[in-house]
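1. Sequence plus predicted model, see below.
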Amino acid sequence: MSKTAYVRTKPHLNIGTMGHVDHGKTTLTAAITKVLAERGTGSFVPFDRIDRAPEEAARGITINIAHVEYETDTRHYAHVDMPGHADYVKNMVTGAAQLDGAILVVSALDGIMPQTAEHVLLARQVGVDHIVVALNKADAGDEELAELVELEVRELLTAHGYPGGSVPVVRVSGLKALEGDPRWTASVEALLDAVDAYVPMPERYLDAPFLLPVENVLTITGRGTVVTGAVERGTLSPGDRVAVLGADVDTVVTGLETFGKPMQQAQAGDNVAVLLRGVPRDAVRRGHVVAAPGSVVPARRFSARVYVLSGREGGRSTPVFTGYRPQFYIRTADVGGRVDLGQAGVARPGETVEMTVELGRKTPLEPGLGFAIREGGRTVGAGTVVSVSA
Ligand SMILES: Nc1nc2c(ncn2[C@@H]2O[C@H](COP(=O)(O)OP(=O)(O)OP(=O)(O)O)[C@@H](O)[C@H]2O)c(=O)[nH]1
Ligand SMILES: [Mg+2]
């Protein structure tokens, strides 16, 4: 292969766009790549390439299609734009532990909407500590309205524990920037400057044993099975031994790529594709975990602190009781489980409660790990693992 190797010259961060349907996430994502392509530190990814289905990416070692990559003057970013709302929530709660920061896209014409609030709540619950607001469609509304929406967004952020008063809010137009209008191209530059300045470089656990939650599995004819995802911790090099938890196989890494470029070492935070020796494709699935052998012991029982979403936040309108059996979204896994609410025996929408969970299958767990609870295609709770029982 004559592909150029990935050269690590700038710190790498994972960010993503979130916000209500149609507020302009994908348009803005395309505009960002266009602005940076013109600066010479990225390649333009048009709207319809961001919005296509993951299956279409199954060519070569490539990563989840929802990601685009680009560089600013100081950083290398992987940026994820989720297509629809359902996918968004699922990806956000299962993959967002990986987001180092988020761009909250709010239409200046429409203001905050139910999904704006839900995404902010989920971001807080899964530990996305830094949000930059893109007040989008600023080309179409008037300044007075934009000011009202800005106030409203700051209040929403404050209500969810973010420093709403000091969060950067940048008026942008993804659409006009995409059309090359200089005023709005500058607005997207200003947004990127705000992201560079406001989202700090997170601590990366490079010395910890390797762990990668599997997001996607692909086959490369003649080479074998490839898993993709963001490295949660540690480092990985070709030749390293790994355990695939869930598939219960031990194997060797025979290739490593990021955004189509071979790499010598993957590090915590990197979005990678890992080629595994001799693993049949159907043995590995999204939700499995690739880890340093012996470093993780999967378990079924854990205790957790859980916030039960209210009806207004898109959650349930009725309480749940001991014996409740929802789905648990843990890293990239989707596992059924049974809830025990102890003495109280009940949890009402809007409450934060302690619970014990018995999962339907063994899953890698550890204290501090965030997860979401879903039922019938909607998010009903967001929690953190407190302790794990053997
Ligand atoms: N006037 C104006 N329209 C915009 C702007 N950005 C996006 N739009 C329009 O808003 C609509 C939705 O844009 P998308 O980028 O698809 O929105 P999205 O948030 O990705 O939508 P979902 O992925 O379906 O949640 C499209 O018709 C866009 O052309 C903008 O800056 N100004
Ligand atoms: Mg979109």
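-> Sure thing, it's come through. Ligands and ions are numbered 1, 2, ... in the order given.

2. Please report the distance of the closest residue to ligand 2 within the chain from residue 178.
-> Taking Cβ to the ion as the measure, the chain has residue 26 as its residue closest to ligand 2, at 3.2 Å. Placement of C-beta: from N, CA and C, glycine included. Distance of residue 26 to residue 178, computed by Cβ to Cβ, to the nearest Å: 10 Å.

3. Pull up the overlap in contacts between the two.
-> Residues touching both residue 26 and residue 178 by Cβ atoms under 8 Å, 6 or more residues apart in numbering: residue 47.

4. hmm, back to that, for my notes, confirm the residue of the chain closest to ligand 2 occurs in a helix.
-> Yes. Residue 26: assigned to a helix according to DSSP: H, G, I helix; E, B strand; the rest coil.

5. higher neighbour count, residue 26 and residue 178?
-> Using other Cβ atoms under 10 Å as the criterion, residue 26 and residue 178 rank with residue 178 on top: 22 against 19.

6. what sits against the more buried one?
-> Residue 178 neighbours (Cβ under 8 Å, 6+ apart): 27, 30, 31, 34, 47.

7. mind checking how far the host helix or strand of the fourth one is from the chain centre?
-> This means residue 34. For residue 34, the host element (DSSP states H and E) is helix 25-39. Chain-centre distance of helix 25-39: 19 Å, with Cα atoms, centre = their mean, to the nearest Å.

8. mean confidence score for it?
-> The average pLDDT for helix 25-39 rounds to 93.

9. for the chain, which spans come out with low pLDDT?
-> The chain contains residues with pLDDT under 70 at 1-3, 49-66, 82-97.

10. Helix, strand, or coil at the residue sitting furthest away from the middle of it?
-> Distance from the C-alpha centroid of the chain, by Cα atoms, centre = their mean, peaks at residue 343 (34.9 Å). Following three-state DSSP, the label given to residue 343 is coil.

11. Do you have the helices of the chain handy? List them.
-> Applying DSSP state H to the chain gives helices spanning 25-39, 47-50, 85-95, 114-125, 143-159, 174-178, 182-198.

12. For the last one, which helices and strands make contact with it?
-> Translated: helix 182-198. Judged by 3 or more Cβ pairs under 8 Å, 6 or more residues apart in numbering; DSSP states H and E, helix 182-198 is in contact with helix 25-39, strand 101-107, strand 131-136, strand 169-171, helix 174-178.

13. Quick one: check that helix for contact with ligand 1.
-> No. For a cut-off given as Cβ under 6 Å from any ligand atom, helix 182-198 has no contacts with ligand 1; the smallest distance is 7.5 Å.

14. show me what contacts the nearest residue to residue 243 once chain neighbours are set aside?
-> Nearest residue to residue 243, sequence neighbours excluded (Cβ to Cβ, 6 or more residues apart in numbering): residue 293, at 4.5 Å. Neighbouring residues of residue 293 by Cβ under 8 Å, 6+ apart: 241, 242, 243, 250.

15. What of residue 145?
-> Shown in contact with residue 145 (Cβ under 8 Å, 6+ apart): 108, 109.

16. Can you give me the distance of it to residue 38?
-> Look at residue 145 and residue 38: by Cβ to Cβ, they are 30 Å apart.

17. what does residue 382 give?
-> From residue 382 to residue 38 the distance is 39 Å (Cβ to Cβ).

18. Which residue of those two possesses the greater neighbour count?
-> Comparing residue 382 with residue 38 by other Cβ under 10 Å, the one with more neighbours is residue 382, at 25 against 13.

19. Bridged to the more buried one, which residues?
-> Beta-bridge pairing for residue 382 (DSSP bridges): residue 307, residue 372.

20. Looks like it contacts residue 126 (just checking).
-> Yes. Between residue 382 and residue 126 there is a contact at 7.0 Å, judged by Cβ atoms under 8 Å.

21. just to revisit the earlier point, okay, the helices and strands packed on helix 182-198 in TSV with distance to residue 297 next?
-> Formatted as TSV, those follow (distance: least, Cβ to Cβ, whole Å):
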stretch	distance to residue 297
helix 25-39	38
strand 101-107	32
strand 131-136	35
strand 169-171	45
helix 174-178	46
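
22. out of the ones you listed, deepest packed?
-> Counting by mean count of other Cβ atoms under 10 Å, strand 131-136 has the highest mean neighbour count of those, with a mean of 27.

23. list the helices and strands it packs on?
-> Packing contacts for strand 131-136, counted by 3+ Cβ pairs under 8 Å, 6+ apart, involve helix 25-39, strand 101-107, helix 143-159, strand 169-171, helix 182-198.

24. and these as CSV, adding distance to residue 377?
-> Below are the helices and strands packed on strand 131-136 laid out as CSV (distance: least, Cβ to Cβ, whole Å):
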stretch, distance to residue 377
helix 25-39, 20
strand 101-107, 23
helix 143-159, 24
strand 169-171, 32
helix 182-198, 31
